[in-house]
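**Q** What follows is a protein structure lacking sequence information:
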Ligand code: XMP
């Protein structure tokens, strides 16, 4: 039986024992896992750990502001860097999903290596959890996809890796977060961000479009479900490289397609698509096509995991 207080004690001991008098930088995406790790590390090692949040340009609307509020609230030693030009530049012309993930992983490491040099850090703390490395080929299964925080690490990386959450599953992360009175309902968001929700090449224009559409999906779903318990576990939009014929005004249009994905699960290892009310889907679809003239078709993903993964790439 998993015991949160026991885990917190052991994890803090492990962090301070491993760091000793060395310093570490912590890669925080603002998600549940790395935010929990940031708070744990701050309790274990104080200012010897620098929490770094990178604006990759692949984030959702308001994400940076939300994360900074948490960092300030918990009085973390933190830094927020705008590296969007570097990430988007490195992704130029790349359409293959694994290639995108690896490029993003490498770019993260380049940025973190620079910050680590400046801070004098020897360790890189990462909020990797069990499903990340199991699905990245670290377990008995084949690589399903290279999660950025596992698949993209170069073998000659100077920083030593410290992953205190690596044996935990999502439901256990939630338990520990509640135990530490951290928000336990942060919707998961992948490290490679919106780039794995744009099928094909990533461009600034597509990112802006998907950011707007994602905001509609999140706002409408959050508004519809009153309690946290009823809310689907994860919900988002995917921009497809598929154009279809439609009508805008009274004219023929030839526009883009957006897929809506919503998943119910407790650990992200398997899950079922949310049987959400038609009225809610209709509101989302109508808002998207009304507010974004370049989109004329919205589809709902009715695939469970497995066989589908949660993210499309
Ligand atoms: P999949 O798509 O593998 O996703 O079924 C399972 C959960 O993991 C999230 N995800 C990621 N999280 N780095 C992360 O930290 C990543 O590279 C990554 N890829 C997927 C996904 O959003 C879902 O919650």
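**A** Cool, got the structure. Quick caveat: nothing in here was measured; it's all calculated off a predicted structure.

**Q** what about the stretch 151-300 of the chain, any weak spots by pLDDT?
**A** For the stretch 151-300 of the chain, applying pLDDT under 70 flags the ranges 151-156.

**Q** For it, which residues are neighbours of the ligand?
**A** With the criterion set to Cβ under 6 Å from any ligand atom, the stretch 151-300 of the chain comes near the ligand through 188, 190-192, 234, 268. C-betas here are computed from N, CA, C, even on glycine.

**Q** Residue 84: which of those is nearest?
**A** residue 192 (13.6 Å; Cβ to Cβ).

**Q** For the residues of the stretch 151-300 of the chain next to the ligand, give me TSV that also has neighbour count and secondary structure.
**A** Output for these, formatted as TSV (neighbours: other Cβ atoms under 10 Å; DSSP: H, G, I helix; E, B strand; the rest coil):
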residue	neighbour count	secondary structure
188	18	coil
190	23	coil
191	27	coil
192	30	coil
234	19	strand
268	22	coil
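
**Q** excluding its backbone neighbours, what's nearest residue 196?
**A** residue 313 (4.0 Å; Cβ to Cβ, 6 or more residues apart in numbering).

**Q** what about residue 126, distance to residue 251?
**A** Residue 126 sits 51 Å away from residue 251, taking Cβ to Cβ, to the nearest Å as the criterion.

**Q** Looking at those two, which one has more neighbours?
**A** residue 126 (29 against 7; other Cβ atoms under 10 Å).

**Q** surely the more buried one meets residue 159?
**A** No - look at residue 126 against residue 159 with Cβ atoms under 8 Å: they stay out of range, at 10.0 Å.

**Q** which residues in the stretch 51-200 of the chain form strands?
**A** Using DSSP state E, counting those that start in this stretch, the strands of the stretch 51-200 of the chain run over 78-82, 121-126, 160-162.

**Q** Which residue of this structure lies farthest from its centroid?
**A** Most distant residue from the mean C-alpha position of the chain: residue 250, 39.6 Å away (Cα atoms, centre = their mean).

**Q** From the ligand, how far off is that one?
**A** Distance from residue 250 to the ligand, counting by Cβ to the nearest ligand atom, to the nearest Å: 40 Å.

**Q** mind checking how far that residue is from residue 305?
**A** 41 Å.

**Q** With residue 64 instead?
**A** Residue 64 is 29 Å from residue 305, by Cβ to Cβ.

**Q** can you count the residues close to residue 172?
**A** Neighbours around residue 172, by other Cβ under 10 Å: 17.

**Q** just the helices in the stretch 101-250 of the chain please.
**A** 130-133, 148-151, 170-179, 204-224 (DSSP state H, counting those that start in this stretch).

**Q** what about the ones you listed, which gets the closest to residue 240?
**A** helix 204-224 (10.6 Å).

**Q** close enough to count as contact, residue 123 and residue 19?
**A** Yes - assessed by Cβ under 8 Å, residue 123 is found in contact with residue 19 at 6.3 Å.

**Q** Mutual contacts of these two, please.
**A** Common contact partners of residue 123 and residue 19 (Cβ atoms under 8 Å, 6 or more residues apart in numbering): residue 162.

**Q** Give me the three-state assignment for residue 308.
**A** Classification of residue 308 by DSSP: H, G, I helix; E, B strand; the rest coil places it in coil.

**Q** And it, how close does it get to the ligand?
**A** According to Cβ to the nearest ligand atom, residue 308 stands 8 Å off from the ligand.

**Q** Skipping adjacent residues, who's closest to that residue in space?
**A** Leaving aside its sequence neighbours, residue 308 sits nearest to residue 301 (Cβ to Cβ, 6+ apart; 7.2 Å).

**Q** thought that neighbour was touching residue 259?
**A** Yes - if you go by Cβ under 8 Å, residue 301 and residue 259 touch, sitting 5.2 Å apart.

**Q** Identify the contacts common to the two.
**A** What both residue 301 and residue 259 touch, as defined by Cβ under 8 Å, 6+ apart, is the set residue 238.

**Q** Between the helices of the stretch 101-250 of the chain, which one is closest to residue 25.
**A** Residue 25 lies closest to helix 148-151 among those, at 13.6 Å (Cβ to Cβ).

**Q** which residues does residue 184 contact?
**A** Taking Cβ under 8 Å, 6+ apart, we find residue 184 in contact with 32, 174, 177-178.

**Q** got it, and residue 56?
**A** Per Cβ under 8 Å, 6+ apart, neighbours of residue 56: 83-84, 87, 104, 107, 193.
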